[in-house]
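1. any chance you can model this:
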Amino acid sequence: MPNWFYIDANGQKQGPVSDSQLKTLAAQGIIQPDSPLATDTGKKGTAGQIRGLFPVASSAPAPPVEKDPWDWGIPASEVTSLVAESQTSSASPPPKPAASSRQRQRRSGGSINTYLVWSIITTLCCMPLLGIPAIIFSVLCGSDLKAGQYDSAAMKSSIAFWCNVIGLTLWVLLLIIQIALLLPAIQAAREAATLAANAQNARSNPEPYLERRANFKTKLTKTGKAPQEWGNEPLPPGVEKVKYPSDNLQLDACLYVPQGRREQKNPALVFFHGGFAHDNEDILACDIFMKAGFVVLAPALRAESGGPGNFELFLGEVDDAANAVRWLAQQSYVDTERIYTFGHSVGGGISCLLSLMDNVPIKHGGSSGGLYNSLIISAWKSEGYAPFNPRTTAEMEMRLLLGNIRWMKRPHYVYLGTADNLFDISVELAQAEMQNESINNMLFIQRIPGDHFTSFDPAIRAYFQKVSMDRDMRGGRLDPQDAMSMVRNFRERDPLGPQDESGQTAGQRTAQGAAGQTPAPPMVRSPADMQDQTRRRSARMSLRSLANNVERYYRDTGQYPTTAQGFNALISRPAILPSSANWRGPYLIPSTQERSTTDPWGNKYQYSRPGKSGRPFDIWSLGPDGKDGTADDVGHWMEASDL
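-> Predicted structure coming up:
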């Protein structure tokens, strides 16, 4: 039965109403013969055109409506009768449009997929949290298909499909995140495995190093200063600041010349600091040579400490180091036949690479650490210390002694701490390379007590003893006059151990032996005392380094870390720092935080703000006893003589 709509006397559309309701409205006079009518099937006309709706007297055709009040664009005169439509509609509903082939398939269940296999794969391999619901809806979909409930089956098929799609998408995203997080570790492990696998077959590059270097031009991925801030310590007593030329650069250096010895030829040491910044106090690490009457030069390299040039990591810096040696050799008070080099950590790497350079008046060199391999350099790339692509073979080969041992021009002595596992693979590679080469090896590796930092003091002492027993270029021992001068200088402060009953030290006895004299009987020195002294000196070096980093923090932010913030403020930006926008850290390498904030006795370094005696802050070690405020504490403010 159709539903009717009509327009009342006020011109308002009313409805829908049924046939019986329409007759009632006509009987009540609400609907007149000229009232417009329409059905919900789209037919339109006037009430007078419907037979039997009004009495016979009024059943005459109503005057035609010139304008359709429904504004449907069909004049009422075109509608002959709605009764037939009413009768036809009551007999059967209007025909529906023909179903598409896909709808016919769905109604028969032909196009509905349960996605059961996909759901199982999602559960087992990808995302069980979504795979299990997908399996449930896949099974329910199959049940509905068997029961002929195709609409319900289609809905459950759709749910299973989207569960699988979302599960697969999330799995792919998680896989990408995991790969991104694990890629550095995977790469490092792969490179380590490659290095270890190739260790037994390691050989030097067959083309001479200097020929390759002369034809090589580095491609820096970034330019600018070295990646470490520097301190502003005053020059130590007896040390002067000088300039030396390197290429087109004028670089700073700290120079120590023994008092009263500028009129004679003296042995000399060029010292290369650890890290990537030069400080005025770096030269004090060589006090054992200074007190023995050596001229000591501690140069800054390009891009360090505000100097000119671009940081290149073990390339242009090696040229600077060679030029620093050449400059020193030109000074009238230096014996050009007895110039030595020594470096710590990164500076040790510089000293190592100098053994490959010619036209440099170095007798031999030494280093504490510094025997780097490609795995270490690649890891530095992620920390911003390698301004080139480490995967480029030529870039890496130019910066490593390993792979070039055959082309060494002079001996080099490497001292590695027994607890410094950074260079374990390097030792294997070096030993294999030297074993596989039919040459006279010039690289000597010695293990000494300590880690990367605490091994420095034993290392430089061991190298000093090597130099003290060295032969001059004429094949004789050290000049007796120089050796006795070394003995006299040792009397002021013992760099190698306590004096015996005759007032001599182990270093003095060594120098006497070098001069051809009979040394006095040695006094047995306590191993515990030697170890304690080494650790105290190492602690002081670490404390000075930490203090420099705190000063860098202050220069950037305008304030020192609070006691509560401590060294963490040097690693990550403090949330409560008012001037945190000026924080330019990290000021400590995150991967070495644990090691650099732990003293040689295994205790954490202490930090306090403000410090005592008017100092803005204090950093100190609890010393051997691990107790605060005792006589064996070591502070960053202490001088070497206080130890």
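
2. every contact and neighbour count from this point should use C-alpha atoms.
-> Noted.

3. Ala423 and Ile377, how far apart?
-> One correction, residue 423 is Phe, not Ala. 12 Å (CA to CA, to the nearest Å).

4. hang on, I meant Thr122
-> Distance from Thr122 to Ile377, by CA to CA: 41 Å.

5. between the two, which one's more packed in?
-> Thr122 (25 against 18; other CA atoms under 10 Å).

6. list the contacts of that one.
-> Pro128, Leu130, Gly131, Asn164, Gly167, Leu168 (CA atoms under 8 Å, 6 or more residues apart in numbering).

7. out of those residues, grab the one that's most surrounded.
-> Neighbour counts for these, by other CA under 10 Å, peak at Asn164, which reaches 29 neighbours.

8. which element is that residue on?
-> Using DSSP states H and E, Asn164 sits in helix 150-198.

9. ok, now Arg552?
-> Going by DSSP H and E, Arg552 is part of helix 527-557.

10. quick one: that helix to chain centroid distance?
-> Offset of helix 527-557 from its chain centre (CA atoms, centre = their mean, to the nearest Å): 25 Å.

11. ok so, going back, okay, buried residues for whichever helix or strand comes after the helix holding Asn164 please.
-> Using DSSP H and E, the next helix or strand after helix 150-198 towards the C-terminus is helix 209-214. Using 16 or more other CA atoms under 10 Å as the test for burial, helix 209-214 gives Tyr209, Arg213.

12. and what of stretch 434-449?
-> Met434, Asn441, Met442, Leu443, Ile445, Ile448, Pro449.

13. span of it from start to end?
-> Using CA to CA, the end-to-end distance of stretch 434-449 comes to 24 Å.

14. and the contacts of it?
-> 201-204, 405-406, 408, 410-419, 427, 455, 458-459.

15. do you know the pLDDT at Lys241?
-> Note for Lys241: predicted pLDDT of 96.

16. and what of Thr194?
-> At Thr194, pLDDT is 60.

17. rewinding a little: who does the helix holding Asn164 touch, helix- and strand-wise?
-> helix 101-108, helix 116-121, helix 128-147, helix 374-382, helix 424-436 (3 or more CA pairs under 8 Å, 6 or more residues apart in numbering; DSSP states H and E).

18. worst average pLDDT in those?
-> When I compare these, helix 101-108 is least confident, with a mean of 50.

19. separation between Ser538 and Ile460?
-> Plainly put, Ser538 is 12 Å away from Ile460 if you go by CA to CA.

20. likewise for Leu168?
-> Taking CA to CA, one finds Leu168 at 60 Å from Ile460.

21. got the contact list for the residue lying closest to Tyr605 once chain neighbours are set aside?
-> Nearest residue to Tyr605 in three dimensions, chain neighbours excluded: Ser621, at 5.0 Å (CA to CA, 6 or more residues apart in numbering). Residues in contact with Ser621 (CA under 8 Å, 6+ apart) are Ala539, Asp599, Asn603, Lys604, Tyr605, Gln606, Asp633, Val634, Gly635.

22. just the pLDDT at Ser621, thanks.
-> 92.

23. hey, what's it bridged with?
-> Beta bridges link Ser621 to Val634 when assigned by DSSP bridges.

24. quick check: it vs Leu570, distance?
-> 18 Å.

25. Tyr554 now?
-> With distances taken as CA to CA, Tyr554 is found 10 Å from Leu570.
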